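Novice: predicted structure and sequence below. I'll ask about it afterward.
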Amino acid sequence: MGFDGDRAEPCTRCILLAEIDRADEHFRITTRRSSDDLDLSLQRLGLLTAPLVLPRDRGYILVSGFRRVDACRRLGWEAVPARVLEAPATMYACALKSVGENSLERPLNLIETSRALRLLDRHAPGGTPPPEDASALGLPTHAGLTARLKTLCRMPEEVQAAVLDETLSFAMACEIGQLEEGPAVAFARLFRRLKTGLNKQREIVTLVSEIACRDGIDSTAVLSEPEMIRVQDAEDLDRSQKTQSIRRLVRRRRFPVLTAAEDHFHALRRRLKLGANLQLAPPRDFEGTRYTLTLSFERMEEVERLRAQLDALVRHPDFKALLTGKGRGFAGTTDP
């Protein structure tokens, strides 16, 4: 904040609310739109902190105090005390004050931080604010982090809303923010409904995107398939069950052969009725050829029973079918 325009002090005077351009939100940082919580305070205590305004050819534009002004309008006030920035206030000075009056009063959420960083960039001499200014305002200064943060406030509104209600993490927002608007919004809507974690979100995005690329369609089309919609709208499933069902659906669409192999394997294993003390695991990802058979026991009598069970297992036709069926994905091996 190295020049006089940055330190321009406002003078306080009473101005008409009608003179404040309610459509100009150039300096708006806050994401909160409702100002209902201010009504009681204004009615009982008055306006404790005057809004900050910048004169224009006709009237004023707000630099800080958007919610306060909205509340005053709703209460029917005609005029308010305002801090008016006079020359030599620059647009960068106004940006610094706008950000400061928000960031130094309360923690900014991710979208507000994004707005603040972009506002400073827009008006800083040379296009980049000095790191010292960002640091003084409590904003991040790491180049990689700030570059990603700045993209948030330019993403579709529904993606931003998902970030604000914490159903979409910063990392996931950055990933889907690189997609076209349609798929980005579709994923944001899905994750707002499912409220699932980062790893599952990333799995769904990856698989759906791969399906869309393979089939030459849009990711939105994959998410809009009838079975996907049916699961999302199912009233008898909770969010966790919906997430699991959708993960299975997209995995089956992405890897139909592998999924069929898994289904056939599990069907055969169920028919073997192994019990709790005998566990059979397939080759990892069905890529290898070695199975794992695990025995658990505490007493010698259990070992005797397991030995008899193993003898019966070796003679079981479904066990032979399971061991020989891997080469064809267990296809045709589940029929009685």
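Specialist: Now that the structure is in, tell me what you want to look at.
Novice: so which strand or helix has residue 82?
Specialist: Taking DSSP states H and E as the definition, residue 82 sits inside strand 79-84.
Novice: so where's the protein uncertain?
Specialist: The chain contains residues with pLDDT under 70 at 1-8, 259-260, 285-288, 325-336.
Novice: and if we set it to 90?
Specialist: Along the chain, segments meeting pLDDT under 90 span 1-11, 22, 33-49, 56-58, 86-89, 105, 126-128, 248, 251-336.
Novice: gap between the residue nearest the centre of it and residue 153?
Specialist: Most central in the chain under Cα atoms, centre = their mean is residue 168, positioned 1.5 Å from the mean C-alpha point. To residue 153, residue 168 is 14 Å away according to Cβ to Cβ, to the nearest Å. Every residue, glycine included, has its C-beta placed from N, CA and C.
Novice: before we move on, what about residue 323?
Specialist: 58 Å.
Novice: between those two, which has more neighbouring residues?
Specialist: residue 153 (20 against 11; other Cβ atoms under 10 Å).
Novice: the more buried one contacts residue 160, doesn't it?
Specialist: Yes. Counting by Cβ atoms under 8 Å, residue 160 is a contact partner of residue 153 at 7.0 Å.
Novice: buried stuff in the helix or strand encompassing residue 101?
Specialist: Taking DSSP H and E as the criterion, the element that holds residue 101 is helix 91-103. Of the residues in helix 91-103, 91-103 count as buried by neighbour count, 16 or more other Cβ atoms under 10 Å.
Novice: just the CA trace of it, in CSV.
Specialist: C-alpha atoms of helix 91-103 as CSV (Å, rounded to 0.1, in the frame of the first residue of the first chain):
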residue,chain,number,x,y,z
MET,A,91,-9.7,2.1,-7.9
TYR,A,92,-6.9,0.0,-6.3
ALA,A,93,-7.3,1.9,-3.1
CYS,A,94,-11.0,1.2,-3.1
ALA,A,95,-10.3,-2.5,-3.8
LEU,A,96,-7.9,-2.7,-0.9
LYS,A,97,-10.4,-1.1,1.4
SER,A,98,-13.2,-3.4,0.2
VAL,A,99,-11.2,-6.5,0.8
GLY,A,100,-9.8,-5.2,4.1
GLU,A,101,-13.2,-4.4,5.5
ASN,A,102,-14.3,-8.0,4.9
SER,A,103,-11.1,-10.0,5.4
